[in-house]
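[1] show me how the following folds:
(2 chains)
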There are 2 protein chains.
Amino acid sequence: MGLTKTLLFLVFCCQRYILLLGYCSMDGEGQQISLLDGVEDRFGGIVVNLMEVESMTVEDFDAKLDASLKAWKDQGKKGIWIKLPRELSSLVDTAIKKGFTYHHAENEYVMLTSWLPEPPSTLPCNASHRIGIGAFVLNKNGEMLVVQENSGYFRDKNVWKVPTGTIKEGESIWAGAVREVKEETDIDAEFVEVLAFMESHQAVWQRKTDIFFVCELEASTFEIKKQDSEIYAAKWMPVEEYVNQPFHNKKGNEMFKLIANICLKRSRDKYTGFVLTTDSPKKSLYCSVDHANLLNETADQASTSL
Amino acid sequence: MGLTKTLLFLVFCCQRYILLLGYCSMDGEGQQISLLDGVEDRFGGIVVNLMEVESMTVEDFDAKLDASLKAWKDQGKKGIWIKLPRELSSLVDTAIKKGFTYHHAENEYVMLTSWLPEPPSTLPCNASHRIGIGAFVLNKNGEMLVVQENSGYFRDKNVWKVPTGTIKEGESIWAGAVREVKEETDIDAEFVEVLAFMESHQAVWQRKTDIFFVCELEASTFEIKKQDSEIYAAKWMPVEEYVNQPFHNKKGNEMFKLIANICLKRSRDKYTGFVLTTDSPKKSLYCSVDHANLLNETADQASTSL
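    Numbering: from 1, shown residues only, chains lettered A, B, ... in the order given. Here you go, the predicted model:
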């Protein structure tokens, strides 16, 4: 074997050994323990995704996690993520006992994290907000769509309110407003503008923030068929009558009054909201309607007129 | 004992018995098992909060959960919530095995849910969004604050961008924008308006939506001291120079270009954004700046002028 070939062979052996180091460790009795299968993220951390693992005993996980944590610490890794499917819930306790905390959870999995270096941790935070919409829907007579609800805060308060709802995971604000109006009243309507939005802290699970977008919609059908499960009553109402409900003048309801006044202003006069400028399956941009008109010209014209 | 007293005594005994029924159940061998301590919610469900429980064995939890589920089903309860602190992680597996799923989790607890009647479940969804901000900060010369980052998408791209960041739990959009600018560049600035916002789906954990608010701020200090950990460089730059970076004309970067153009429009001409109308510790309302001027008059004037 020539010198070059010998060198190449040595390099090959070294690489194999280094690769092996990444996957195995020795236990106290000199037995080899394979490590958990982790992928590096771009922030110097490790992501272990066990979603495709069908079964693992607590003992096996315990030994692998010990060996892996040791290896990752030696390698200077920082944030460790373990995604455990519901089927492996028996392993949650082991990870928590070794210093992991819950990061977030969804129906089918729980995400656990551990920060190996000294604090502070710079792990990105969990989802922190829920998005709601209120739909200000006008018909051709300038009347607005109002409902009374069967449950929740407004139940038995005899207050007429705009259709409201929560944006689903992956749904756009404009699409959620259209969907809620259809579900609650069977009215077809098109999104026009976002008129305002309100942040309410500690509104969800006593800690998450709700952002409520007031959306104007234009109805294209007018015959109301209310949804029985959630809606007690639904009808078209003059905007002034809606605004002048005694509820809007009660102490503590100032925000509701402001929003009602925005709707009134919008129905009578110019009010500059945010319109949907561009929309793709993954991204939607909302900006001032006056400016969007310029952007809707050709790109070149827009960039010179800006 | 007179008839009235006898009747009252019987009613008292019945009440005690009914109350007892609510808290106890019999196991197969006729032994009494106390139920989990649950509170009714206003949607016909039960919330079991174990955050203050310091310890419970798996066997004890198993027996109590069986008995409780039977009792709740008999009572026609629907959504069952169990909030388990990190210290009781040994109980997670038992609940999952009995048909519970993860609902959400935070550092110190996991929330499990079960829907007892036939589907579909109407349980409210988990937090679904993360909120980001980009800060368009102008100094007295009409120059804007720009940075280059040490990590993430823009690393090594040689692109000057506006300071960006994620809103913390419980933080308002306007406050988050002010904080991020201070952290990244040491510039003090005041919130002026939201100029636009963009929704990006599947941007967080492959399923959550990010809403990015473009906020205009006005600087009150001008000497930049960059944060070394996140920021590679920071400076003041003419708005035209920022907009005309080659990055903004590359295919796929159309949204960035639109947002840059909004900043340019705003720096030269009238652009109607959303201003903070009212702000309290828990609620903030953002609406069209033109309309907010009216709302800032006295309430009576506002309601007549609307």
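[2] where do the helices sit along the stretch 201-306 of chain A?
    Counting by DSSP state H, counting those that start in this stretch, the stretch 201-306 of chain A has helices at residues A:239-243, A:254-268, A:289-295, A:299-305.
[3] export those helices to TSV and tack on mean neighbour count, distance to chain B and mean pLDDT?
    For glycine as for every other residue, the C-beta is placed from the backbone atoms N, C-alpha and C. Formatted as TSV, the helices of the stretch 201-306 of chain A follow (neighbours: other C-beta atoms under 10 Å in any protein chain shown; distance: least, C-beta to the nearest C-beta, whole Å; pLDDT from 0 to 100):
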stretch	mean neighbour count	distance to chain B	mean pLDDT
helix A:239-243	17	8	95
helix A:254-268	21	5	90
helix A:289-295	19	6	75
helix A:299-305	13	7	39
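[4] can you list those helices in TSV and add distance to residue A:181?
    Formatted as TSV, the helices of the stretch 201-306 of chain A follow (distance: least, C-beta to C-beta, whole Å):
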stretch	distance to residue A:181
helix A:239-243	16
helix A:254-268	15
helix A:289-295	21
helix A:299-305	32
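[5] where does chain A dip in pLDDT?
    Along chain A, the parts satisfying pLDDT under 70 run over A:1-31, A:118-126, A:205-206, A:294-306.
[6] how does it divide into domains?
    A:33-120, A:129-272 (automatic domain parsing).
[7] surely residue A:267 touches residue A:241?
    No: assessed by C-beta atoms under 8 Å, residue A:267 is found out of contact with residue A:241, at 11.9 Å.
[8] can you pull out the helices in the stretch 51-200 of chain A?
    A:58-74, A:92-97, A:173-185.
[9] give me whichever of those is most buried.
    helix A:173-185 (a mean of 22; mean count of other C-beta atoms under 10 Å in any protein chain shown).
[10] near chain B, anything from it?
    Yes: counting by C-beta under 8 Å from any C-beta of the partner chain, contacts between helix A:173-185 and chain B involve residue A:173.
[11] tell me which other helices or strands that helix touches.
    strand A:129-138, strand A:143-149, strand A:164-166, strand A:189-204, strand A:208-219, strand A:231-238, strand A:283-288 (3 or more C-beta pairs under 8 Å, 6 or more residues apart in numbering or on different chains; DSSP states H and E).
[12] touching stretch A:48-59 from outside, list them.
    A:36-39, A:68, A:80-85, A:87-88, A:90-91, A:94, A:109 (C-beta atoms under 8 Å, 6 or more residues apart in numbering or on different chains).
[13] now do the end-to-end distance for it.
    For stretch A:48-59, the first-to-last residue distance is 18 Å (C-alpha to C-alpha, to the nearest Å).
[14] off-centre distance for it?
    Chain-centre distance of stretch A:48-59: 27 Å, with C-alpha atoms, centre = their mean, to the nearest Å.
[15] coming back round to it: mind putting the helices and strands packed on helix A:173-185 into TSV with distance to chain B and mean neighbour count?
    Output for those, formatted as TSV (distance: least, C-beta to the nearest C-beta, whole Å; neighbours: other C-beta atoms under 10 Å in any protein chain shown):
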stretch	distance to chain B	mean neighbour count
strand A:129-138	4	24
strand A:143-149	12	22
strand A:164-166	6	18
strand A:189-204	4	21
strand A:208-219	5	23
strand A:231-238	14	15
strand A:283-288	4	24
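[16] tabulate the ones you listed (a markdown table), appending distance to residue A:249.
    A markdown table is the format used below for the helices and strands packed on helix A:173-185 (distance: least, C-beta to C-beta, whole Å):
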| stretch | distance to residue A:249 |
| --- | --- |
| strand A:129-138 | 19 |
| strand A:143-149 | 17 |
| strand A:164-166 | 21 |
| strand A:189-204 | 19 |
| strand A:208-219 | 19 |
| strand A:231-238 | 17 |
| strand A:283-288 | 31 |
